[in-house]
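**Q** this one's structure only:
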């Protein structure tokens, strides 16, 4: 449905003048008038790129300033994809393995000391890692500093939650808590409860809100 909004003439005139003024200033900057201050554009905080998964991932990271904006040499990095389901990549239930592998490569290129990839799965863990293609993708990077593993149930730690929160504390996987850099790498898809499954939903893979299924 398209909704029409009525704008009063005064507001319409103000909007027109503001747009015209902005375009005028942009034009002056383009021709180099000395009283127009020009600065280099800051890296974007959001990028949307189409194309092959690996190439699009690399380009998107470049647009937001490169992996070096987030990862420093010697840091420990956790890449948290969705590996929760016993589904093949074509079914799009999990994060694309090509995306995961490219993020791992970028972190290593930025100098990460180690890059860990894991998830607390909903289906049988070993089968999820295999069927999703994630395990093979990380291993294909061919760097001993990159590892993919199934979480150890004994390595969840309780973390205090500060601020006005309904929960005073909760348990999270230790590697995620101790990492210097945590990269949330979800897949965007519909969800029966939340409507849309993205970054926040993907964090369920690092907390222990229920029993860890088949480790």
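**A** Okay, I see it. Everything numeric in this text was worked out from a predicted model, so none of it was measured.
**Q** hey, where'd the strands end up in the protein?
**A** With DSSP state E applied, the chain shows strands at 76-81, 114-117, 146-148, 156-160, 169-173, 181-185, 189-191, 195-197, listed in chain order.
**Q** For residue 143, which residues are in contact?
**A** residue 108 (CB atoms under 8 Å, 6 or more residues apart in numbering). All C-beta spots, glycine's among them, are computed from the backbone N, C-alpha and C.
**Q** coming back round to it: make CSV out of the strands of the chain and add mean neighbour count.
**A** CSV is the format used below for the strands of the chain (neighbours: other CB atoms under 10 Å):
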stretch, mean neighbour count
strand 76-81, 25
strand 114-117, 24
strand 146-148, 19
strand 156-160, 13
strand 169-173, 16
strand 181-185, 18
strand 189-191, 10
strand 195-197, 12
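**Q** Need those strands in a markdown table (columns: mean pLDDT and distance to residue 126).
**A** A markdown table is the format used below for the strands of the chain (pLDDT from 0 to 100; distance: least, CB to CB, whole Å):
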| stretch | mean pLDDT | distance to residue 126 |
| --- | --- | --- |
| strand 76-81 | 98 | 16 |
| strand 114-117 | 98 | 15 |
| strand 146-148 | 98 | 11 |
| strand 156-160 | 93 | 20 |
| strand 169-173 | 93 | 18 |
| strand 181-185 | 98 | 20 |
| strand 189-191 | 85 | 23 |
| strand 195-197 | 86 | 23 |
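**Q** quick one: which of the ones you listed is nearest residue 45?
**A** Evaluated with CB to CB, the strands of the chain place strand 181-185 nearest to residue 45, the distance being 14.3 Å.
**Q** That closest one - contacts with which helices or strands?
**A** Contacts defined by 3 or more CB pairs under 8 Å, 6 or more residues apart in numbering; DSSP states H and E place strand 181-185 against strand 76-81, helix 97-109, helix 199-202.
**Q** hmm, try it at 10 Å
**A** strand 76-81, helix 97-109, strand 114-117, helix 174-178, helix 199-202 (3 or more CB pairs under 10 Å, 6 or more residues apart in numbering; DSSP states H and E).
**Q** closest one to residue 70 among the strands of the chain?
**A** strand 181-185 (5.9 Å).
**Q** Strand partners (parallel or antiparallel) of the closest one?
**A** According to DSSP bridges, strand 181-185 has the following sheet partners: strand 76-81 (parallel).
**Q** quick one, the partner strand and helix 97-109 angle?
**A** 170 degrees (axes from the mean of the first three to the mean of the last three CA atoms, to 10 degrees).
**Q** between strand 76-81 and strand 169-173, how big is the angle?
**A** 100 degrees.
**Q** chain center to strand 76-81, what's the gap?
**A** 10 Å (CA atoms, centre = their mean, to the nearest Å).
**Q** returning to that earlier point: with residue 52 as the reference, name the closest of the helices and strands packed on strand 181-185.
**A** helix 97-109 (7.8 Å).
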